[in-house]
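All I have is the shape, not the residue letters:
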Ligand SMILES: Cc1cc2nc3c(=O)[nH]c(=O)nc-3n(C[C@H](O)[C@H](O)[C@H](O)COP(=O)(O)O)c2cc1C
Ligand code: SF4
Ligand code: SF4
Ligand code: FES
């Protein structure tokens, strides 16, 4: 980037103007504005190359393509993988079409999801739970059986609960990009595709644990933590230690003086700030291992901060426009 | 109807061999192009011919070629899409089987126009028997100086490779095809970038259908303008139509664009009318992905004009009362055909073929299949019909690649035009459960084990 020479693009999202660099996606531009104009993203992950485009929750309407070519785009587009143009006008929550389509997407994502939140470790910090809370329909229409897979292990420390997977491919990209060789991919196709675990015991890589953090649902969970506690009973504390492998900056989830689990630090969009190594995540569970900095502010407006478990299992009709999805500043 | 262009020499004995093909005027177009025309001039003729992609979307070929990134210093590729897997479509197979050298000739001229040195034929895995035929043709062309280094003594060199797929319909989608060709899982890519800029191995690439590329040879032979005079309006030239279903003469026909649909169905030189003296009920005219139309709308448009075999006429009335020419897979149903059963069958196909990458298609295709299975097997509810419409609508336009639309359209159109048949199924479960569908001793349920849950039916 050469400072002054970089061309700025003017974009308007839900009537809010913003200026961004050339090459920025609509989603990133919306994140620059923040608040409720940010479309939900279940598969895109800014730190994983090639991610995005798959879940379709981030669909938005482009009502004006650019200043030069003001025609609207014929279809809704995935904001995570569509670059902005100068003069582009985007509608997210101000478009009834987008809200309607997104409801449909949420319905698809929940169609085969076991809705086993009461026994899921991810409950309270699950992007899918947040999403259905914000956009969900009053009832799920399906009366069919949901697909079922046996539970499997991905290596020693990670449990794969394929029933809950939404096939966002984030863990696949993480395995591809963070670890030195691709250790698992997607097998089969269509609605029977699954995360492959044929190399089930091979995931010994030092960064494999990050697959848990990038997973938006409870499909990949930490075996060293599973069922120990509900996340909302724990206090998330920023912690750090000297680590030879990673930056050693983590969140220690504590009950009293005990560390129940260690995760990466997530930003307001649910993405980890820095990936952490397996030693920090799985092995350092003693308070003495860490310098505890202090309590971490839970920045995401989600069921975890709503702290009302009963309410979530029964998605209530909350007008998304009224701001259920709003992120705290 | 006007002469044949693509299939003109198909009846010559031994036409599959280089010598016979050459003696009947084959490869003259290669000589003409390489010796007497610049690549730009060849591209120009194709543009003038008005040729449109025969793979389904009907995109103008000259225009597609003009998008190819010629500024990049990377190698360029031409990929011939021979994955032909759309139910009802079997024209490319026919062409490659009988006239392999026509395709090779088209590939050489197209590669010359595009500045391509390496060309791949990505062929459907099930067409194994064609791989040998094509490779023999390539070897023969090579031996006779039409392939390899410095073709016909010019500076132009080209190699063609045949690459069989592994049996996935989705690998016919051009970007999934490129992934597969690169040795990866055949998931469609997110566009942009388009193959013209970042295609095979990240290099500028053109992907065209078999029939499209084969047609380039006669276009050069006769000239773009002469080709454009054949056909009707923006639907120039001839088109291969593979006709199947309840007709007297199923097979592959080369028709001049503009032929009335009625003539195509009833004329003795084409489909020869409906088999067993039955009535025409409905047609899917362009391969399984395009909307089905009932007989009256198939023969005449909603405005009362004769429906013609052209891109425009078939699409007249848009989806409310029209359909698409698609890839030319013409599927005919007689009065006894069960539309619900057929729709379920197609839904099953799309469910099975979805790559599963994006949620509306992955989940929606399975959902529609389950609901259609219920209705067809006498366990449906009235509300299921509207549910199908809603699910189809939620898929349509919201997916990464057009397979989502292709799965939604047949369902939406079947309900649009045959709603009463769906209602009948719901109202008369006993009748539909015990209908034999003409297949002797054929148990209805045995077609797909475990369709209810959708797991492990491979
Ligand atoms: C699911 C799907 C399957 C397709 N299968 C084929 C195919 O088998 N053969 C083909 O030529 N085009 C197929 N296409 C269209 C290709 O993506 C592409 O548009 C075509 O090869 C371009 O060639 P054309 O411009 O010559 O028509 C398919 C598209 C989709 C979405
Ligand atoms: S396991 Fe989690 S991260 Fe991996 S594809 Fe499934 S939902 Fe995404
Ligand atoms: S629409 Fe279907 S086939 Fe196409 S990318 Fe999405 S899931 Fe795959
Ligand atoms: S976040 Fe854009 S499609 Fe998933």
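Good, I have the coordinates. All values derive from a computational prediction rather than experimental measurement. Ligands and ions are numbered 1, 2, ... in the order given.

At the geometric centre of chain A, which residue do we find?
When C-alpha atoms, centre = their mean is applied to chain A, the residue found nearest the centroid is residue A:216 (4.1 Å).

which one is that one nearest to, not counting chain neighbours?
Of all residues not flanking residue A:216 in the chain, residue A:127 sits nearest, at 3.8 Å (C-beta to C-beta, 6 or more residues apart in numbering or on different chains). (Glycine included, C-beta is placed from N, CA and C.)

pretty sure that neighbour is touching residue A:270, no?
Yes: using C-beta atoms under 8 Å, residue A:127 makes contact with residue A:270 at a distance of 6.0 Å.

so what's in contact with these two at the same time?
Residues touching both residue A:127 and residue A:270 (C-beta atoms under 8 Å, 6 or more residues apart in numbering or on different chains): residue A:216.

what bits of the chain have low per-residue confidence?
No chain in the question, so chain A it is. A:1-6, A:136-142, A:180-183, A:197-204, A:227, A:298-329 (pLDDT under 70).

Oops, wrong one, chain B.
B:1-2, B:436-458.

let's see it at 50
Along chain B, the model assigns pLDDT under 50 to residues B:1, B:439-458.

Residue of it closest to ligand 4, please.
residue B:358 (7.4 Å; C-beta to the nearest ligand atom).

gap between that residue and ligand 3?
According to C-beta to the nearest ligand atom, to the nearest Å, residue B:358 and ligand 3 sit 4 Å apart.

Check residue A:270 too.
For residue A:270, the distance to ligand 3 - C-beta to the nearest ligand atom - is 23 Å.

Residue B:181 now?
Distance, residue B:181 to ligand 3, by C-beta to the nearest ligand atom: 17 Å.

what's the distance between that residue and residue B:103?
18 Å (C-beta to C-beta, to the nearest Å).

same thing with residue A:162?
43 Å.

can you pull the contacts of the residue of the stretch 351-458 of chain B found nearest ligand 3?
Nearest to ligand 3, among the residues of the stretch 351-458 of chain B, is residue B:361, at 3.0 Å (C-beta to the nearest ligand atom). When contacts are counted by C-beta under 8 Å, 6+ apart, residue B:361 touches B:354-355, B:395, B:399-400, B:403-404, B:407.

give me that answer again for 10 Å
Contacts for residue B:361 (C-beta atoms under 10 Å, 6 or more residues apart in numbering or on different chains) come out as A:56, A:108, A:190-191, B:170, B:188, B:350-351, B:353-355, B:395, B:398-408.

The residues you listed: which ones sit near ligand 3?
Within the set of the contacts of residue B:361, contact with ligand 3 (C-beta under 6 Å from any ligand atom) is found for B:170, B:188, B:354-355, B:399-401, B:403-404.

Make CSV out of those and add secondary structure and distance to chain A.
Formatted as CSV, those follow (DSSP: H, G, I helix; E, B strand; the rest coil; distance: C-beta to the nearest C-beta, whole Å):
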residue, secondary structure, distance to chain A
B:170, helix, 7
B:188, coil, 10
B:354, coil, 4
B:355, coil, 5
B:399, coil, 7
B:400, coil, 6
B:401, coil, 10
B:403, helix, 10
B:404, helix, 10
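
what about the most far-flung residue of chain A relative to its centre, which helix or strand?
In chain A, the residue that sits farthest from the middle, by C-alpha atoms, centre = their mean, is residue A:68; the gap is 34.6 Å. Residue A:68 belongs to no helix or strand when assigned by DSSP states H and E.

Surely it touches residue A:9?
No: in this structure residue A:68 lies outside contact range of residue A:9 using C-beta atoms under 10 Å: 11.9 Å.
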